[in-house]
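>>> with the sequence up front, the predicted model follows.
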Amino acid sequence: MPAFAASLIAWQRRHGRHGLPWQDTRDPYRIWLAEVMLQQTQVETVIPYYERFLARFPEVRVLAEASLDDVLRLWSGLGYYARGRNLHAAARMVTARGGFPRDAAGLETLPGVGRSTAAAIAVFAFGRRAAILDGNVKRVLARQFGVQDVDAQWALAQRLLPRRGLRTYTQGLMDLGATVCTRTKPACDRCPVAQRCVARREGRIAELPASRVRKPLPLKRTDWFIYVHQGEVLLERRPDAGLWGGLWTFPEARLLAGARGRKLPLLEHGFTHFRLRVQPWLCPVRSAPPSAGRLWLEVSDAADAAVPAPVRKLLRALLPARAD
């Protein structure tokens, strides 16, 4: 086990990822923001969102004082929107208590921060001894040691922690899983610990970790009614809980009597647990009556509001040429 950590530390220093915008800092705010954004999202996707967030919210107090709409507007397109809502709630908690908790147990009390994320923040921001176990790390441990039980993996991850170089080791573990020990076509010839790998030695790379049986994703259908009037569009806010909670979308039920709709091409959007098929209807109206819980916005403003990606796609691609 000491040899595993030593090999990983040496490899990360020479071949790991360097120069990422959240590296070379001990600021818990910047590290927390990055770790939350990186949950279930690739580094390349996160970087521009991370930079825009810091430009708008340079410190946790500014984020806490912002409106949820502002936060979700910048989060739009990054997916898993509960992370954005939890980010805002956690910023308020941190500001109220005067700073971030300094250990993994305290960090795990923040909304949206699980055990592995808390450990990563504790390691990188405060130098605490804590083990991470995200999806990439689970795959590395399953292949390297032939261990698939999650509880056993947590125990193993804790035992593997080196006495020195903990930050480099933790980053190396992340980098190895993300860039070398990938789910398909792992680059074993570039792996610093390939000689001791159980999966490689036993010819079990493809079966470790065991894949979950993927069931066909259920299909859900809905209609979107795109009411437009003199360059404005009607949006309604979704409930905080559930799909796209807190974001603005088109109404899914007919609201305005006498409005005739014209079918637009079907729109499909994939989620982790289902596929959504939307039938959009373009509905020009002669007047724009107020509606409780809904808002008329200029099309250009609506496209920049806190809307999910499929709504923004429709606003940008369809409405500018037709709204008038």
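Arrived safely.

>>> setting the sequence-adjacent residues aside, check what's closest to residue 136.
Among residues not flanking residue 136 along the chain, residue 177 sits closest, at 2.7 Å (CB to CB, 6 or more residues apart in numbering). Placement of C-beta: from N, CA and C, glycine included.

>>> what sits against the one you found?
By CB atoms under 8 Å, 6 or more residues apart in numbering, residue 177 lies in contact with 134-137, 139-140.

>>> how about residue 12?
168-169, 171-172, 175-176.

>>> before we move on, the earlier item: secondary structure and pLDDT added to the contacts of residue 177, as JSON lines?
Output for the contacts of residue 177, formatted as JSON lines (DSSP: H, G, I helix; E, B strand; the rest coil; pLDDT from 0 to 100):
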{"residue": "134", "secondary structure": "coil", "pLDDT": "96"}
{"residue": "135", "secondary structure": "helix", "pLDDT": "94"}
{"residue": "136", "secondary structure": "helix", "pLDDT": "95"}
{"residue": "137", "secondary structure": "helix", "pLDDT": "97"}
{"residue": "139", "secondary structure": "helix", "pLDDT": "97"}
{"residue": "140", "secondary structure": "helix", "pLDDT": "97"}
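
>>> can I assume residue 221 sits in a helix?
No. Membership of residue 221 in a helix is not supported by DSSP: H, G, I helix; E, B strand; the rest coil, which gives strand.

>>> what's the local residue count around it?
Residue 221 has 10 neighbours, counted by other CB atoms under 10 Å.

>>> could you do residue 268 as well?
Neighbours of residue 268 under the rule other CB under 10 Å: 10.

>>> helix, strand, or coil at it?
strand.

>>> how about residue 51?
Assignment for residue 51 (three-state DSSP): helix.

>>> show me the contacts for it.
Residue 51 touches residue 21, counting by CB under 8 Å, 6+ apart.

>>> residue 30 is in what secondary structure piece?
For residue 30, the element it lies in under DSSP states H and E is helix 28-37.

>>> can you list the domains in the protein?
2-201, 219-317 (automatic domain parsing).

>>> could I get those domains as TSV with distance to residue 210?
Putting the domains of the chain into TSV (distance: least, CB to CB, whole Å) gives the following:
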stretch	distance to residue 210
domain 2-201	6
domain 219-317	19
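
>>> residue 211: which of those is closest?
domain 2-201 (8.8 Å; CB to CB).

>>> what's the spacing between that closest one and its chain's center?
12 Å (CA atoms, centre = their mean, to the nearest Å).

>>> determine the number of other residues adjacent to residue 7.
When neighbours are defined as other CB under 10 Å, residue 7 has 18 of them.

>>> now it: how far from residue 173?
Using CB to CB, to the nearest Å, residue 7 is found at 11 Å from residue 173.

>>> cool, and residue 308?
Relative to residue 173, and taking CB to CB, residue 308 is found at 33 Å.

>>> ok, residue 278 next?
From residue 278 to residue 173 the distance is 40 Å (CB to CB).

>>> which one of these two is surrounded by more residues?
residue 173 (27 against 21).

>>> so residue 124 makes contact with residue 33?
No. Counting by CB atoms under 8 Å, residue 124 does not reach residue 33; the two are 11.9 Å apart.
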